[in-house]
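A.B. asks: below are the sequence and a predicted model; questions follow.
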Amino acid sequence: MIRAHITILVTSGVVLLAACAGSDVSKLGKPVTEVSAAKCNGFTSTERLAGTNVQTVRYVPSNEPAGVPGFCEIVANVSPAESSHIGMVYRFPGNWNGKIVGLGGGGFAGNVRFETALPALVAGYATMQTDTGHAATEPWNTEWAVRKDGSPNEEGLTDFGHRAVHEMTLLGKSLAEQYYGVAPKRAYFQGCSQGGRQGMVASQMYPQDFDGIISGAPAFNDVSRVGMSLISRAFLPDAAKLSTAQIRLVNAAALGACDRLDGVVDGIITEPDACSWDPQELACPSGTVADSCLSESQVIAVRSAYSNKRGPDGSVAAYGLARGSELSSFPWFMALKQDSQLETGYSNFAAAAGFPSDTDFNTNDVIASHEAQKGSLFDRLYVAANPDLSEFVGGGGKLILWHGLYDQLLPPEPLIGYYQKMLQVTSEKLTAEGSPARAKDSVELFTAVGVSHCLGGAGPSTFDGLAILDAWLEQDVKPTRIVATQPPPAMAAMISSMMGEMPRQTPDNMTRPLCPWPELPRYSGEGDVNASENFVCR
């Protein structure tokens, strides 16, 4: 069930998910201006982009009590190549603010869900979404990646890798201008997980597409596959699995050892890398089996889950789970019945990644496979690690990167490494070109303490990233800290259902600043430890 339900979370692609299932949208809105139903239903596109087919145009009335504006929904399909069929959905609100935003997908699926678009629509944005070239909505459904003869679906991989979001954006800007009679004055993109990768792709490959981008926890390289595989294998044997009580036991012990290292006991280990707590401390006496201790097999498994693994060159090839994250990270792995490469559908990328056809994904050498797939078709179309953002930055683009430090699926370290390299390479390129633009003035990385994948965990994870990005572009207010709140109860319950996360032990009223890397939130020494105003970034 965890695998099936994850789709809503990872395909959301947004930071502010106020309109997710079970949430109350009545608090979102203000009076809205009706869009003309006649204007929408009578709209005929004069689009001339090759391969474009506008399929349906329909007016969706407003729901004023819920604060939902009326909007015109346009469904289109674009075929930039013979075997490419990219689905797109555009929603143009009557209370348009003159701007348009693209919303990302998650897992290996696109995202055309109305719930994802709703917060932006309420704020007055025209929205753009795509299925990335395949209609499957399940995040781990990757059957589209291979042809019937077992060969890679190169056009499908190209659509998913980078072409679909670009085509979505070209058409979306054109349709918005046709519909409103004026071109959008700003174009933004927002996504998390796969959506985060899509944002990074845009900044690297299509720097003219968006003025501003928010990329959260981006799945931009192959490193996470390696780590997830090794962690899943550690917990696959029945003897290695932990009961709910044992997961709580491990979490309490890790917090007891390291929560106070940051100067305040608040239920979050701010710097997981600084914590070296050893689960051997919970080892059962010989021959004992109990929820109050760990067997030898369980100690070995937990140690392995925490530990980084190195490749032949000595560099880290796989990152372990953060100590302190156990309530949000362990349950997902405990629920797996096979290697995560199989659970997440990666095996269907084997041909494109150059894997032997008889690869056993339950036993393959994942570290060696990571090195072997470099330069493959999959690597070329999927990985978004080009550190040269000089064209995006030189053109005035703004990029907000962010990552939770408790992320159980995608470790934050690769993004931190990318950010450091990007600052160096982009700065050198801009200097060589004589440009006055500075990478640090246009790209910022924030980390979220205690936050798991895109949402959830012990730390506050909800914030209005789109408003922050807009203020940066429109008012030149660069964010120096972002205050996040805990998800509302309905959303917290949804996270638990989708990801299997156990109830967090931190309070509902906790707020925390996301700080620009390498700064972290530090308690000032006075005031409520659950209030962000009593924490400084340093």
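C.D. replies: Perfect, thanks for sending it.

A.B. asks: make it CA atoms for all contacts and neighbour counts henceforth
C.D. replies: Noted.

A.B. asks: list the buried residues in the host helix or strand of Leu381.
C.D. replies: Using DSSP states H and E, Leu381 falls within helix 377-382. In terms of neighbour count (16 or more other C-alpha atoms under 10 Å), helix 377-382 has its buried residues at 377-379, 381-382.

A.B. asks: equivalent analysis for stretch 53-60, please.
C.D. replies: Within stretch 53-60, the residues that count as buried by 16+ other C-alpha under 10 Å are 53-54, 57-60.

A.B. asks: mind putting those into JSON lines with pLDDT?
C.D. replies: Output for the buried residues of stretch 53-60, formatted as JSON lines (pLDDT from 0 to 100):
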{"residue": "Asn53", "pLDDT": "92"}
{"residue": "Val54", "pLDDT": "94"}
{"residue": "Val57", "pLDDT": "96"}
{"residue": "Arg58", "pLDDT": "95"}
{"residue": "Tyr59", "pLDDT": "95"}
{"residue": "Val60", "pLDDT": "94"}
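
A.B. asks: which ones among those map onto strands?
C.D. replies: 53-54, 57-60 (DSSP state E).

A.B. asks: for Thr56, report the pLDDT, please.
C.D. replies: Listed pLDDT for Thr56 reads 95.

A.B. asks: and it, what does it touch?
C.D. replies: 73-76 (C-alpha atoms under 8 Å, 6 or more residues apart in numbering).

A.B. asks: next: Pro479.
C.D. replies: In this structure, Pro479 makes contact with 468, 472, judged by C-alpha under 8 Å, 6+ apart.

A.B. asks: over to it. Which of the three states is it?
C.D. replies: Taking DSSP: H, G, I helix; E, B strand; the rest coil as the rule, one finds Pro479 in the coil state.

A.B. asks: so what does it have for phi and psi?
C.D. replies: phi -70, psi 130 (degrees, to the nearest 10).

A.B. asks: relative to Asp291, how far out is it?
C.D. replies: 46 Å (C-alpha to C-alpha, to the nearest Å).

A.B. asks: same check on Tyr406?
C.D. replies: Tyr406 is 24 Å from Asp291, by C-alpha to C-alpha.

A.B. asks: which of the two has more neighbours?
C.D. replies: Using other C-alpha atoms under 10 Å as the criterion, Tyr406 and Asp291 rank with Tyr406 on top: 33 against 16.

A.B. asks: grab the nearest non-local neighbour of that one.
C.D. replies: Distance criterion C-alpha to C-alpha, 6 or more residues apart in numbering; nearest residue to Tyr406, sequence neighbours excluded, is Ser452 at 4.5 Å.

A.B. asks: just to revisit the earlier point, as JSON lines, the contacts of Thr56 with distance to Val223 and neighbour count would be great.
C.D. replies: Shown next, in JSON lines, are the contacts of Thr56 (distance: C-alpha to C-alpha, whole Å; neighbours: other C-alpha atoms under 10 Å):
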{"residue": "Glu73", "distance to Val223": "38", "neighbour count": "19"}
{"residue": "Ile74", "distance to Val223": "38", "neighbour count": "23"}
{"residue": "Val75", "distance to Val223": "36", "neighbour count": "18"}
{"residue": "Ala76", "distance to Val223": "35", "neighbour count": "20"}
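
A.B. asks: can I get those residues in TSV including pLDDT, secondary structure and distance to Val122?
C.D. replies: As requested, the contacts of Thr56 are arranged in TSV below (pLDDT from 0 to 100; DSSP: H, G, I helix; E, B strand; the rest coil; distance: C-alpha to C-alpha, whole Å):
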residue	pLDDT	secondary structure	distance to Val122
Glu73	97	strand	15
Ile74	97	strand	18
Val75	96	strand	20
Ala76	96	strand	23
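
A.B. asks: from Ala283, how far out is Lys185?
C.D. replies: Going from Lys185 to Ala283 by C-alpha to C-alpha gives 61 Å.

A.B. asks: same question, Val366
C.D. replies: Distance from Val366 to Ala283, by C-alpha to C-alpha: 29 Å.

A.B. asks: ok, Glu444 touching Leu399?
C.D. replies: Yes. At 6.5 Å, Glu444 counts as touching Leu399 under the criterion of C-alpha atoms under 8 Å.

A.B. asks: look at those two and report which has more neighbours.
C.D. replies: Just comparing Glu444 and Leu399: by other C-alpha under 10 Å the higher neighbour count belongs to Leu399, 26 against 21.

A.B. asks: now the stretch of helix or strand that one belongs to, how far from the centre of its chain.
C.D. replies: Assessed by DSSP H and E, Leu399 sits inside strand 398-404. A distance of 10 Å separates the centroid of the chain from that of strand 398-404, by C-alpha atoms, centre = their mean, to the nearest Å.
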